[in-house]
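*Asks:* please find the sequence and the predicted model below.
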Amino acid sequence: MLLAGGQGSRLYVLTENMAKPAVPFGGKFRIIDFPLSNCANAGIDTVGVLTQYRPLELNRYIGSGQPWDLDRADGGVHILPPYQSANGASWYKGTANAIFQNIGFVDMYDPDYVLILSGDHIYKMNYDKMLAHHKKTGADCTISVMEVPWEEAPRFGIMSVDENDTITEFEEKPAQPKSNLASMGIYVFTWKKLRSYLIEDESDETSSNDFGKNIIPKMLQNGEKMAAYRFSGYWKDVGTLDSLWDANMDMLATGSGLDLLEKDWPIYGRPSSAPPAYLGKNAHVEHSVVARGCTVEGEAENSVLSERCTVEEGASVQYSLLMPGAVIRHGAQVSYAIIGENAVVEANAHVGQPPEAVKPEDWGITVLGPDAAVAENYVLAAKRMRSADGKETVR
Amino acid sequence: MNGLHGIIFAYAKTPGLRELTEERMPGSVPFGGRYRAIDFMLSNMHNAGITDVGVVLHGNYQSLIDHIGNGKTWDMARRNGGLKLLPPFADERKYRGAVFRGKIDALSGVRSYLREIRQKYVVLSDSDLIINLPLQQVLEAHEASGADITCVCTANGAFVENATYFTLDDAGKVTETRCAPHTASGYRGLEIYLLRRDLLIELVEQCIVQEKYSFRRDVLCAMGAKLDLRGFVWDGYAAQLRSVREYYERSMELLDPAIRAELFCPERPILAKEDDEAASYIAPETHCVDSLIGDGCLIEGEVEGSILFPGVKVGKGSSVKNCILFKNMTVEDSVTLKCVIADKNVRLRSGGTLIGHESYPLVVSKNSVV
């Protein structure tokens, strides 16, 4: 069950018109490709995608599920939006409520175990191994965890474990963390157990119907067997503009652990049908990724050029993420920026600034929303955001 | 547009393509950094709204079948109709080594298929023609002219061996058809023919009883006086891949933006089987210019004037100039390449040098290690 209904408000202009999981990533993919491909590679054949916020783009992208081998005669991918029933209609109130409202869907397939995933994480993980761990330990709930630097621990849900990696304590964003094992928001539950907790949680009017805030603490409190499953590869929550930019830059760096070119655990997507990228006679491209359909006549360094981007002669792109169809006209300079889908930076405009150019408190990634435009010679400074309607804000 | 049915002939061998067709039919020769030759005609058909296509197969067609699959790429995996692969019957005769003596021979083998065609018109094409042709315009011209057969031809009159040349009058009517002449004159045929299904069946039946097998000679030339033949002149890009040299030259033309804009016009996209590769990575301190780069490449050396298919690796200190490198081939470190066509999965070991010439590119066969 893939939770893909969040608005992603911290991605600001990028998610004004689409759900966070549909946001492009890494040149050829969208965020949701990662959990869906992990499912495909792990041999999971039935996936429910819970949608709520602006699902149009996401629904179209998932389609029949064919790119992830999820167009199955039995099972396959199912989009699960909130629905109206005899007792009225309600939105998904929290992550647990979203699953509660779809108990009928899960029951239809009558599984022994249910995997709960988020639609906003970039990582490659074999869920099958996690399930094997869940079975081996005989746990009712297994939570995937990873070690994070101690100073970052207060940003996460932190697990304390005993010598068998059985979870003894869970704290959401603790000021004084007792452990540095962070929850990755990936859970395996024994379905019968989860089912009863969901029903119980729903009847509690004070509950916010959330896995991290309600279900997990309640299960711990009741002494259910909770196992931690340690994960050591690359994992990043790309829920903020900074982390989205960071993760794209990580993809460029060897040694970050995020290698999309390796073939052992491929990520599948639904790319467009563009021809190969063309690098022009005077192009200068270094330490960057370039996807199909791009035309690069200018300069690109330390950047991600997604499908069908154009960088005209004399234009320069540095430390930036260009989403599909972005156009950078001649003489324009883009640095430390995220350029949304089909956004246009006209000739000689400047978008974004390197950190050394401004005072530290004034610096931040500059963002153009999908279809936004920056006029000729215009300067869009660091930390600014501009959407398609021309509205400009400072983060 | 449901009135048109496609038939693609993917049986003919092209000896001139040498190593490139050792293990594949001309229709599955890789082209343009991402495609197989047959993608172009299948995409043309898809873009014209054609849903039902038969592909007549013979020879080393495994790689072609693997590529085409169920036709989903071209939206031809349909409950009714869709794409049908038509392999030969086991008991077919052979004529001096050739599988079919001509298109009529090939069509006679699939007569039962022809009778099941739901559409009024059929367009016939070879599998190895690189073109972005608006077939609906051909059909419109065919219906407007009231022709029996419309033959697509090009004004590019360069001499090509074993080609068909047409003389057209001002109304576009074919006044003379010359089959495999020794000199070029008039319009050169692109081996694309549009005609009524009923007429096609009739012509096939008629030829078969008379032991005739060539569509060009026995229909276009021999019956030219009785049939109303019209030419549809296409003045855009069209590449027939008959020799390694021609393959190389026509490939390199794609580095010209004008030709790319025409062949890959977004209104009529060329669709190909998905390669499931991430975007290509170009390392620091490299020089990668004037090249087409497929997805999933890892470029650490110099690349210039070349076409790289998906998943190609170019190692540090290597120099790749005017080359065509097929899918998943690897150039290790400090390799010098010029005018080389390296087939799928080729590995060129460190320190080597391979140099061909524009007029005679060096071809390295599939899976070789050099």
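*Replies:* Thanks, I have it. Numbers count the residues shown, from 1 in each chain, chains lettered A, B, ... in the order given.

*Asks:* what residues does the stretch 251-370 of chain B put near chain A?
*Replies:* B:255, B:257, B:260, B:264, B:269-272, B:274, B:276-286, B:288-296, B:298, B:307-309 (C-beta under 8 Å from any C-beta of the partner chain). Bear in mind the C-beta positions are built from the backbone N, C-alpha and C, glycine included.

*Asks:* could you flag which of those are buried?
*Replies:* Neighbour-count burial (16 or more other C-beta atoms under 10 Å in any protein chain shown) applied to those gives B:255, B:260, B:264, B:269-272, B:274, B:276-283, B:286, B:288-296, B:307-309.

*Asks:* in the sheet, who's paired with residue B:293?
*Replies:* When assigned by DSSP bridges, residue B:293 has beta-bridge partners residue A:277, residue B:308.

*Asks:* okay but it is in contact with residue B:308, surely?
*Replies:* Yes - counting by C-beta atoms under 8 Å, residue B:293 touches residue B:308, with 5.1 Å between them.

*Asks:* could you find the closest non-adjacent residue to residue A:265?
*Replies:* residue A:124 (4.7 Å; C-beta to C-beta, 6 or more residues apart in numbering or on different chains).

*Asks:* confidence score at the one you found?
*Replies:* Residue A:124 carries a pLDDT value of 97.

*Asks:* what separation is there between it and residue A:268?
*Replies:* 12 Å (C-beta to C-beta, to the nearest Å).

*Asks:* can you list residues touching both of those two?
*Replies:* residue A:37 (C-beta atoms under 8 Å, 6 or more residues apart in numbering or on different chains).

*Asks:* which bits of the stretch 151-300 of chain A sit near chain B?
*Replies:* Within the stretch 151-300 of chain A, the residues that sit near chain B (C-beta under 8 Å from any C-beta) are A:252, A:260-261, A:266-268, A:271, A:273-283, A:285-292, A:295.

*Asks:* now for residue B:45: which residues touch it?
*Replies:* By C-beta under 8 Å, 6+ apart, the neighbours of residue B:45 are B:6, B:53, B:74, B:123, B:135.

*Asks:* out of those residues, list just those in helices.
*Replies:* Using DSSP state H, the subset of the contacts of residue B:45 located in helices is residue B:135.

*Asks:* ok, which pair from the contacts of residue B:45 is furthest apart?
*Replies:* For the contacts of residue B:45, the farthest-apart pair by C-beta to C-beta is B:74 and B:123; their separation is 14.4 Å.

*Asks:* just the ones in helices from the residues of the stretch 251-370 of chain B next to chain A, please.
*Replies:* Per DSSP H, the subset of these in helices is B:257, B:260.

*Asks:* now intersect the residues of the stretch 251-370 of chain B next to chain A with the strands, please.
*Replies:* B:280, B:281, B:282, B:288, B:289, B:291, B:292, B:293, B:298, B:307, B:308 (DSSP state E).

*Asks:* identify the bridge partners of the third one.
*Replies:* Going back to what we said before, that points to residue B:282. residue A:288, residue B:299.

*Asks:* okay, which residue of chain A is out on the far edge from center?
*Replies:* For chain A, the largest distance from the centre (C-alpha atoms, centre = their mean) belongs to residue A:281, which lies 36.2 Å off.

*Asks:* show me where the stretch 151-300 of chain B has its strands.
*Replies:* For the stretch 151-300 of chain B, strands defined by DSSP state E, counting those that start in this stretch occupy the ranges B:164-168, B:174-179, B:187-196, B:229-234, B:238-240, B:280-282, B:287-289, B:291-293, B:298-299.

*Asks:* residues in contact with residue 50?
*Replies:* This is for chain A. Contacts of residue A:50 (C-beta under 8 Å, 6+ apart): A:1, A:2, A:3, A:4, A:5, A:80, A:81, A:92, A:98, A:99, A:102.

*Asks:* the chain in question should be chain B.
*Replies:* Residues near residue B:50 by C-beta under 8 Å, 6+ apart: B:1, B:4, B:5, B:6, B:123, B:135.

*Asks:* wait, the last one sits on residue B:46?
*Replies:* No - counting by C-beta under 8 Å, residue B:135 does not reach residue B:46; the two are 9.7 Å apart.

*Asks:* can you show me the helices along the chain?
*Replies:* By default, I'm working from chain A. A:33-42, A:56-62, A:95-100, A:103-109, A:127-137, A:191-203, A:216-221, A:241-252.

*Asks:* should've been chain B
*Replies:* Going by DSSP H, chain B shows helices at B:37-47, B:62-68, B:103-108, B:111-116, B:135-145, B:197-209, B:244-252, B:257-263.

*Asks:* kindly format the C-alpha coordinates of stretch B:203-222 as CSV.
*Replies:* Written as CSV, here are the backbone C-alpha positions of stretch B:203-222 (Å, rounded to 0.1, in the frame of the first residue of the first chain):
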residue,chain,number,x,y,z
LEU,B,203,-3.7,-9.5,-57.9
VAL,B,204,-2.1,-12.1,-55.7
GLU,B,205,-4.5,-14.8,-56.8
GLN,B,206,-4.0,-13.8,-60.4
CYS,B,207,-0.2,-13.9,-60.3
ILE,B,208,-0.1,-17.1,-58.3
VAL,B,209,-2.0,-19.2,-60.9
GLN,B,210,0.4,-17.8,-63.6
GLU,B,211,3.5,-18.7,-61.5
LYS,B,212,4.3,-15.0,-61.1
TYR,B,213,5.8,-13.7,-57.9
SER,B,214,7.2,-10.1,-58.3
PHE,B,215,4.9,-7.2,-57.3
ARG,B,216,7.1,-4.8,-59.2
ARG,B,217,7.7,-6.7,-62.4
ASP,B,218,4.5,-8.7,-62.7
VAL,B,219,2.0,-6.1,-61.3
LEU,B,220,3.5,-2.6,-61.7
CYS,B,221,5.3,-3.2,-65.0
ALA,B,222,3.2,-5.9,-66.6
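
*Asks:* which residues touch residue 289?
*Replies:* This is for chain A. Here residue A:289 is in contact with A:26, A:27, A:251, A:252, A:303, A:304, A:305, B:278, B:279, B:280, B:281, B:282 (C-beta under 8 Å, 6+ apart).

*Asks:* I was after chain B.
*Replies:* Counted by C-beta under 8 Å, 6+ apart, residue B:289 has contacts A:279, A:280, A:281, A:282, A:283, B:303, B:304, B:305.

*Asks:* what is the nearest of these to residue B:241?
*Replies:* For the contacts of residue B:289, the nearest to residue B:241 is residue B:305 (19.7 Å; C-beta to C-beta).
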